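Engineer: Sharing a model prediction with you, sequence too.
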Amino acid sequence: MEKVAFEFKLDLAKNGPEALEILHNYVSDGTALPSLILLDLNLPEVNGIEVLKKIKSDDKTKRIPVVILTSSIDSGDMRQCMDLGANSYIQKPVDFIEFIEVANLIGKYWLSLNETN
């Protein structure tokens, strides 16, 4: 298994309201916003689609890349996420080693190769 070649801060949320609170704290503190959001659709309390709507409807957060990383392969979910402004939609692997490999690839692309302003 390959190691991650870059450093990053990781915030984990156990549900939709917590994810929105973490993001709100970044905005209200005036600290640098996250460089990337990995979002699962199957969040408890407030689902990922609702979280995505809030992220992309706020002028302060709408430019943060959001990668949907979920077990859902529903084409309707994918279409809705892309219509709402998701930057990518990836079905997360069930196998842990494959999941780590996918997470590494996502990180390499969005945090190393992708140009943002």
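Structural biologist: Yep, it's here.

Engineer: pLDDT weak spots in the protein?
Structural biologist: 1-8, 116-117 (pLDDT under 70).

Engineer: how about the strands of it, start to end?
Structural biologist: Secondary structure of the chain (DSSP state E): strands located at 37-39, 66-70, 88-91.

Engineer: Count residues in the vicinity of residue 35, would you?
Structural biologist: When neighbours are counted by other C-beta atoms under 10 Å, residue 35 registers 14. C-beta: built from backbone N, CA, C; applies to glycine.

Engineer: related to what we said a few turns ago, could the strands of the chain go into TSV alongside mean neighbour count and distance to residue 27?
Structural biologist: As requested, the strands of the chain are exported to TSV (neighbours: other C-beta atoms under 10 Å; distance: least, C-beta to C-beta, whole Å):
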stretch	mean neighbour count	distance to residue 27
strand 37-39	22	13
strand 66-70	22	15
strand 88-91	16	23
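
Engineer: could you dump those to CSV with distance to residue 81?
Structural biologist: Formatted as CSV, the strands of the chain follow (distance: least, C-beta to C-beta, whole Å):
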stretch, distance to residue 81
strand 37-39, 9
strand 66-70, 5
strand 88-91, 6
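
Engineer: wait, which of these is closest to residue 9?
Structural biologist: strand 37-39 (12.7 Å; C-beta to C-beta).

Engineer: ok, the closest one: who's next to it in the sheet?
Structural biologist: Strand 37-39 has the following sheet partners, assigned by DSSP bridges: strand 66-70 (parallel).

Engineer: how about the helices of the chain, start to end?
Structural biologist: Assigned by DSSP state H, the helices in the chain fall at 16-29, 48-57, 75-83, 96-107.

Engineer: looking at the ones you listed, which is buried most?
Structural biologist: For the helices of the chain, the largest average neighbour count (mean count of other C-beta atoms under 10 Å) is found in helix 48-57, namely a mean of 18.
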